[in-house]
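A.B. asks: here are the coordinates; sequence isn't available:
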């Protein structure tokens, strides 16, 4: 077990403001239970975007059975990786980007951390924007209409709510998810029953064969299979650092694994089932076609989705910003993140072309996560065996045992990103890797990035060990 002793802070009630920043969480404030972790991650993944991503398989020509197979297998792997990363936070009580200093160096970790600062603000805007048409469609079923003004009002209200919760901190996030998620899940059960009762679900085999089918399955795997779990890895330890010290690694793994796996597979399958009946993949059409008779409960699910997801994203963005050694209050960073996301959301509402260009940019951002994850997991579990000197994570870079810049980690990350791009099927030509195109459009970017990044880092570390051992023998 890693050393995670820190100066004790007075115990606080769960409703109290989180003033910790990026410092290790003291034992007195590590009160989160496995159920808390389940609700947090289930809430982050009960999002309307998963309905749409699940429908991608049908739109690509896969059967409903094939879509379900890819979603289940992919999320088994993605959620397992996520659970493994979550254990790092539980063992150390340290945020995720601070833990990146182990593999990349005290200041070398600035590289992945800057990406983690920029990426979440884009996701906040995207997640909020996606739900606006859905919410307006549900309100119209209730006899409420208002055009663009209504969209602006919903966007502003949602943004204020989610920034306020994230600025308050982990305890507010925990309470929000704990008390809203049971209700949301009950509504989701009713929606699922209604969907299968009123939709002519089609299970027939697909007409795709050979590389065409492999290409479609790989694209779905990247979008809502293992790629979905990988996209959450950079947030994991920010929340499990609050778990009770008496919990086992297995308890933390199971609760976070299930929180990621169950809602993602459930919603993706629901979206695919509806799409199989010919309702299309447009989210507003899915709502109108199936759930119009229970518009108010559906509206609650729709509005809860971006809030539950974005409070997690905004809080982690603030921690990542502080990991750049900026001395500003965490709540202030959360507020700035919210303002930037609101400005981006305004641009989304003004220009469809901007939305398309930004989605392509987000695809580029996500490429770095799989090699980063491979390097991080190899460093923590294989090289360090979970033993971490926490002082070296926070002391001056000239004194840190992590070194200033760990060039092995930076080099492995660069090669991993290159490998991920080579096997990526992007929506624009510059993001279409030549090897992926040579394979007929089969997207293996997540596998290439993870394997090359983690593999190169491990080999570099082993070779350095061999050099040191040889030098010691010669000196004798």
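C.D. replies: Received, thanks. Keep in mind that what you see is a predicted model, and the values were worked out from it rather than measured.

A.B. asks: From here on, just use CA atoms for contacts and neighbour counts.
C.D. replies: OK.

A.B. asks: Can you mark which positions in the helix or strand harbouring residue 184 are buried?
C.D. replies: According to DSSP states H and E, residue 184 maps onto helix 170-198. Neighbour-count burial for helix 170-198, counted by 16 or more other CA atoms under 10 Å, picks out 170-178, 181, 184-185, 187-188, 191-192, 195.

A.B. asks: same check, this time on stretch 80-96
C.D. replies: For stretch 80-96, by 16+ other CA under 10 Å, it's 80-96.

A.B. asks: Just the residues you listed: which are in helices?
C.D. replies: Among those, the ones falling in helices (DSSP state H) are 80-92, 96.

A.B. asks: Pick out the most distant pair among those residues.
C.D. replies: Greatest spatial distance in those: 80 and 92, 19.3 Å, computed using CA to CA.

A.B. asks: Residue 342 contacts residue 125, doesn't it?
C.D. replies: Yes. Using CA atoms under 8 Å, residue 342 makes contact with residue 125 at a distance of 6.5 Å.

A.B. asks: And residue 392, how close does it get to residue 400?
C.D. replies: The spacing between residue 392 and residue 400, counted by CA to CA, to the nearest Å, is 5 Å.

A.B. asks: hmm, which helix or strand of this structure has the shakiest average pLDDT?
C.D. replies: Least confident element among the helices and strands of the chain, by mean pLDDT, DSSP states H and E: helix 283-290 (a mean of 58).

A.B. asks: So for stretch 400-412, mean pLDDT?
C.D. replies: Averaging pLDDT along stretch 400-412 gives 92.

A.B. asks: Pass me the low-pLDDT residue ranges in the stretch 1-150 of the chain, would you?
C.D. replies: Counting by pLDDT under 70, the stretch 1-150 of the chain contains low-confidence residues at 1-15.

A.B. asks: the helices in it, which residues?
C.D. replies: Assignment of helices within the stretch 1-150 of the chain using DSSP state H, counting those that start in this stretch yields the ranges 34-45, 48-59, 64-92, 96-99, 101-104, 110-141, 147-168.

A.B. asks: so which strand or helix has residue 417?
C.D. replies: Element membership for residue 417, per DSSP H and E: helix 407-422.

A.B. asks: tell me which strands and helices that helix is in contact with?
C.D. replies: With contacts defined as 3 or more CA pairs under 8 Å, 6 or more residues apart in numbering; DSSP states H and E, helix 407-422 has these neighbours: helix 101-104, helix 369-377, helix 434-438, helix 445-475.

A.B. asks: Can you mark which positions in the helix or strand hosting residue 319 are buried?
C.D. replies: Using DSSP H and E, residue 319 sits within helix 295-322. Of all the residues in helix 295-322, those buried under the rule 16+ other CA under 10 Å are 295-299, 301-322.

A.B. asks: What is the burial count for residue 204?
C.D. replies: Using other CA atoms under 10 Å, residue 204 has 12 other residues around it.

A.B. asks: The closest residue to it other than its chain neighbours: how many residues sit nearby?
C.D. replies: Excluding its sequence neighbours, the residue lying closest to residue 204 (CA to CA, 6 or more residues apart in numbering) is residue 63, at 6.1 Å. A count of nearby residues for residue 63, using other CA under 10 Å, gives 22.
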